[in-house]
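Visitor: Output the structure for:
(chains A and B, ligands or ions: 1)
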There are 2 protein chains.
Amino acid sequence: MEKIRVIQYGCGKMGKVFLRYLHEKGAEIVGAIDGNPELEGKDAGEVAGLGFKLNVPVHTDADSVFESCDADACIIAVASLMEDMLPHLERAARYGVNAITTCEEAFYPWTTSPAITNRLDRLAKETGCTLAGSGYQDVFWGNLISVLAGATHRIDRIEGVTSYNVEDYGIALAKVHGAGLSKEDFRREIAENDSLPSYVWNSNEWLCSQMGWTIKGMKQELVPTFHDVPLKSETLGTTIPAGHATGMSAVVTTETYQGPVIVTQCIGKVYAPGEVDRNDWVLKGEPNTTVQIACPATVELTCATLVNRLPDLLLSPAGFFTTEKMPAAAYRTYPLHLYVR
Amino acid sequence: MEKIRVIQYGCGKMGKVFLRYLHEKGAEIVGAIDGNPELEGKDAGEVAGLGFKLNVPVHTDADSVFESCDADACIIAVASLMEDMLPHLERAARYGVNAITTCEEAFYPWTTSPAITNRLDRLAKETGCTLAGSGYQDVFWGNLISVLAGATHRIDRIEGVTSYNVEDYGIALAKVHGAGLSKEDFRREIAENDSLPSYVWNSNEWLCSQMGWTIKGMKQELVPTFHDVPLKSETLGTTIPAGHATGMSAVVTTETYQGPVIVTQCIGKVYAPGEVDRNDWVLKGEPNTTVQIACPATVELTCATLVNRLPDLLLSPAGFFTTEKMPAAAYRTYPLHLYVR
Ligand SMILES: NC(=O)c1ccc[n+]([C@@H]2O[C@H](COP(=O)([O-])OP(=O)(O)OC[C@H]3O[C@@H](n4cnc5c(N)ncnc54)[C@H](OP(=O)(O)O)[C@@H]3O)[C@@H](O)[C@H]2O)c1
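Guide: I've put the predicted structure just below:
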């Protein structure tokens, strides 16, 4: 096979890392899209800070990019909810271009956005391409847990605590975490907003799907996090007053008909000095197993996972094909196209 | 498919756990073999302490067991080195019975015992069955690392430290760790004995094979461990004097032509009070990822992994088929035969 030809769709904080990883893993970057008019016409290599030109200009008009190249795949890093992602995923599917996205809901969107997902699934099957969501959760809330489960005789309960810094990401992520909101606004816009699945809602469902467990009940509690002194946020472009939310802690409890219960706490907030990312899980049953990832580099891990997933994406059947049905995430020593038979 | 019919071959410390796990996961136990004449004729359920009879007697004559039943698979838990395993694996292969073994060398025996492995591979292909090695290392020195690698952009070096208590296992394991030997005997029998691959020798090779890395060099250093006061060992049936080895630390360094270096330290010794099992790894590159498993329950994890592997074993092609070529280890919620299409 020739090199995998990729459109980078979204050249924000993640997109810049994707461009470098794609280049270093031997993908052919054939297009770059971003909504920001200031980037229009700029070279993707320069936007990504590669230190050299890729001779691929960033364009705001996504359709013109899809029309003017013949891409095998695109990486979409623009939004966190399926509703916001619909036009982008639909576009990729319409052009028959395989797409993988950082959209957290897309990791397992079958029940939180069934209509959108089914529609995309159908469209992708018609044009013969595959759509999927991946990211940090693919390994750290997903495959890592299922691989440890593979060494377990009986699982009664799975508990996870994961934490990341809203500052490492763009404004889309900050917003769904209620970062900067007053207590009152947080209550109205986030806590009482049923239509906002927290990231671990979808990852718990992913885990259940991979394990073959049927969900009996899902419960989500969104609690704002605070800091005792004002906290400056680059992403928000403001300082968060002491009484305002720095982000949130979401606790999602998933009960299954098979017995196992999954309780995942997901903390996303503007970190105070000294706070670090964490990812700690325990599988309870026979035996109990505790796993701890010290200070995971969530940004790099996210981007590496998606890029490593490109061969799987190309080898998967057409449709919206979530990653719990793909092989476990794998490292790519060689240029990506060598993994596509 | 009907229930998977299994012969438990070796009813020692591991074998007893296997019998229970097999029973609880809906396997049909059709035979039990053990070399200990005291167990001859005893019920396997009673030997395993299940609290009820399985109506399967333990026999010392392995051939008579293979001849008198029609088994799909056997779990062999008798020895740590391929040389010692040859008659047992050969027997299973001769009867065309798929076999998975806890033998640590069998995890990846292609270069430490190529002649034995190739001979078994050929025999298994002739009779149409699969032979493999699995255990704790399959997940904790294997799939756990490769799944984290799946979230990594560039790997320069992988470092692992793993430790287990010789007391949790039988005499075969204690012996290859030099537990109880004087300094002088350790030097002669263990440190200078080239033909003794430590467990992580084989698991490093497993990792390289799964990653698609070619090995440039392997180096092993075996260092005895000591305790400052005499240490009682149930497994050895003696007290280890203060100046004698309580076990050993093996450091295996694997260099690859692709660049990544794997350095794994494997500590197996009679624990002093307060010491616990550990399994800590770090992947160095972009980014760095540190994983820590607190007090892994190595015995249960070993047995669960092998039992969970049975469907993979039955679905694998004939021959000696090591697990790095199988799907990642997976939890079995339902009776084992439901995972065999
Ligand atoms: N799954 C994971 O593990 C994971 C990890 C990290 C991030 N994420 C998610 O990935 C997404 C991107 O994150 P980020 O940190 O890169 O955010 P970011 O820095 O805000 O970048 C998003 C980029 O997408 C562009 N964009 C937005 N709407 C667009 C549209 N309609 N058409 C074209 N481009 C558009 C934005 O342009 P403008 O500046 O003009 O809006 C921006 O450049 C977020 O939703 C985040 O939550 C997921």
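
Visitor: Could I get the buried residue list for stretch A:227-242?
Guide: Buried residues in stretch A:227-242, counted by 16 or more other C-beta atoms under 10 Å in any protein chain shown: A:H227, A:L231, A:S233, A:T235, A:L236, A:I240. Placement of C-beta: from N, CA and C, glycine included.

Visitor: cool, stretch A:175-187 as well?
Guide: Buried-residue list, stretch A:175-187, by 16+ other C-beta under 10 Å: A:K175, A:V176, A:H177, A:G178, A:A179, A:G180, A:L181, A:F186, A:R187.

Visitor: Equivalent analysis for stretch A:65-73, please.
Guide: Result for stretch A:65-73 [16+ other C-beta under 10 Å]: buried residues A:V65, A:F66, A:C69, A:A71, A:D72, A:A73.

Visitor: can you put those in CSV and add secondary structure, distance to chain B and pLDDT?
Guide: Listed next are the buried residues of stretch A:65-73 as CSV, based on DSSP: H, G, I helix; E, B strand; the rest coil; distance: C-beta to the nearest C-beta, whole Å; pLDDT from 0 to 100:
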residue, secondary structure, distance to chain B, pLDDT
A:V65, helix, 25, 98
A:F66, helix, 27, 98
A:C69, coil, 25, 96
A:A71, coil, 21, 98
A:D72, coil, 20, 98
A:A73, strand, 17, 98
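
Visitor: Tabulate those in a markdown table, adding columns for distance to A:V299.
Guide: Below are the buried residues of stretch A:65-73 laid out as a markdown table (distance: C-beta to C-beta, whole Å):
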| residue | distance to A:V299 |
| --- | --- |
| A:V65 | 25 |
| A:F66 | 27 |
| A:C69 | 27 |
| A:A71 | 24 |
| A:D72 | 25 |
| A:A73 | 21 |
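
Visitor: Pick the one among the residues you listed closest to the ligand.
Guide: A:V65 (10.0 Å; C-beta to the nearest ligand atom).

Visitor: Please give me every residue in contact with that closest one.
Guide: A:I7, A:G31, A:A32, A:I33, A:H59 (C-beta atoms under 8 Å, 6 or more residues apart in numbering or on different chains).

Visitor: What of A:T256?
Guide: A:C208, A:W213, A:T214, A:I215, A:K216, A:I262.

Visitor: List buried residues within the residues you listed.
Guide: If we count by 16+ other C-beta under 10 Å, these have these buried: A:C208, A:W213, A:I215, A:I262.

Visitor: Just the ones of the residues you listed in helices?
Guide: A:C208 (DSSP state H).

Visitor: Contacting chain B as well, which ones from the buried ones among the contacts of A:T256?
Guide: A:W213 (C-beta under 8 Å from any C-beta of the partner chain).

Visitor: re earlier: and of the contacts of A:V65, the nearest to B:G51?
Guide: Relative to B:G51, the closest of the contacts of A:V65 is A:I7; by C-beta to C-beta it sits at 62.2 Å.

Visitor: If we go by neighbour counts, what in stretch A:333-341 is buried?
Guide: By 16+ other C-beta under 10 Å, the buried positions in stretch A:333-341 come out as A:T333, A:L336, A:H337, A:Y339.

Visitor: With only the CA atoms kept, save it in PDB.
Guide: What follows is stretch A:333-341, C-alpha atoms only, in PDB (Å, rounded to 0.1, in the frame of the first residue of the first chain):
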ATOM      1  CA  THR A 333       7.200   1.100  15.000                       C
ATOM      2  CA  TYR A 334       7.000   1.400  11.200                       C
ATOM      3  CA  PRO A 335       5.300   3.800   8.900                       C
ATOM      4  CA  LEU A 336       1.500   3.500   9.300                       C
ATOM      5  CA  HIS A 337       0.800   2.100   5.800                       C
ATOM      6  CA  LEU A 338       2.900  -1.000   6.500                       C
ATOM      7  CA  TYR A 339       0.200  -2.100   9.000                       C
ATOM      8  CA  VAL A 340      -2.500  -2.000   6.300                       C
ATOM      9  CA  ARG A 341      -2.500  -5.300   4.500                       C
END
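
Visitor: any idea of the mean pLDDT in it?
Guide: Stretch A:333-341 shows a mean pLDDT of 95.

Visitor: What of stretch A:93-110?
Guide: In the prediction, stretch A:93-110 has an average pLDDT of 98.

Visitor: TSV for the buried residues of stretch A:175-187, including pLDDT?
Guide: Conversion of the buried residues of stretch A:175-187 to TSV gives the following (pLDDT from 0 to 100):
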residue	pLDDT
A:K175	90
A:V176	87
A:H177	93
A:G178	95
A:A179	96
A:G180	96
A:L181	97
A:F186	95
A:R187	94
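
Visitor: which one in chain A is furthest away from the centre?
Guide: Within chain A, the residue lying farthest from the chain centre (C-alpha atoms, centre = their mean) is A:E286, at 31.3 Å.

Visitor: Could you report the distance from that residue to A:A151?
Guide: 11 Å (C-beta to C-beta, to the nearest Å).

Visitor: A:T302 too?
Guide: Counting by C-beta to C-beta - A:T302 and A:A151 are separated by 26 Å.

Visitor: Spatially nearest residue to the closest residue to the ligand within the stretch 151-300 of chain A, not counting backbone neighbours?
Guide: When scored by C-beta to the nearest ligand atom, the stretch 151-300 of chain A has A:G170 as its residue closest to the ligand, at 2.0 Å. Among residues not flanking A:G170 along the chain, A:G12 sits closest, at 4.6 Å (C-beta to C-beta, 6 or more residues apart in numbering or on different chains).
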